[in-house]
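[1] show me the folded form of this:
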Amino acid sequence: MKIYIKNEMIKFILVGFFNTGHYYIWYLLFSELFQLHYIISHWVAFLLSMIGSFFLNTYFTYNTKPSWRKFLRFPLTYLVNILASTSALYILTEYFRVDPKLGALLASGFAIPFTFILSGKILKSKKRDKNET
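    Numbering: from 1, shown residues only. Below you'll find the predicted structure:
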């Protein structure tokens, strides 16, 4: 059975839910199993999940082909996200004494609208991608 979803925002949200779970598994692995500091665990998990997000958003959300140019530009979409989520995680953990495991989940949702807009601009870009793969 093939499910067809036309709306990019719905696809982006679905990828976001998957990606949040992906991020959180990595976060728990680094913070709990390897006992890394919660901020270091957050950054490493964020970077790993961003790679997965690139491919999911390229193929599923925006129905485009990946290219090196897009791959190298894609982290720009997450710059606002990583700054906002890291700040939120730090504030929740240090000032509000929220457990870092819960804080990581709460902090991950702050910059989603900005990420959606920027990733659409980058991943749907046709400029100079014809010769790049």
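
[2] can we go C-alpha only for contacts and neighbour counts from here?
    Noted.

[3] count the residues that sit near Phe12.
    Using other Cα atoms under 10 Å, the number of residues around Phe12 comes to 23.

[4] same check on Pro100?
    By other Cα under 10 Å, the residues close to Pro100 number 22.

[5] was I right about it contacting Tyr38?
    Yes - proximity of Pro100 to Tyr38 meets the contact threshold set by Cα atoms under 8 Å, at 6.6 Å.

[6] and the spatially most central residue of the chain, what's its pLDDT?
    Central residue of the chain (Cα atoms, centre = their mean): Met50, 4.6 Å from the mean position. As predicted, Met50 sits at a pLDDT of 91.

[7] tell me which other helices or strands the helix or strand hosting it touches.
    Per DSSP states H and E: Met50 is located in helix 38-56. Helix 38-56 sits against helix 8-28, helix 75-94, with contacts defined as 3 or more Cα pairs under 8 Å, 6 or more residues apart in numbering; DSSP states H and E.

[8] ok and the following helix or strand past the shortest one relative to helix 38-56, angle-wise?
    Spelled out, it's helix 75-94. Downstream of helix 75-94, the next assigned helix or strand under DSSP H and E is helix 100-107. Angle, helix 100-107 to helix 38-56, by axes from the mean of the first three to the mean of the last three Cα atoms, to 10 degrees: 40 degrees.

[9] go through helix 100-107 and flag the buried ones.
    Pro100, Lys101, Gly103, Ala104, Leu105, Ala107 (16 or more other Cα atoms under 10 Å).

[10] closest to Gly21 among the residues you listed?
    Closest approach between the buried residues of helix 100-107 and Gly21, by Cα to Cα: Leu105, at 9.0 Å.
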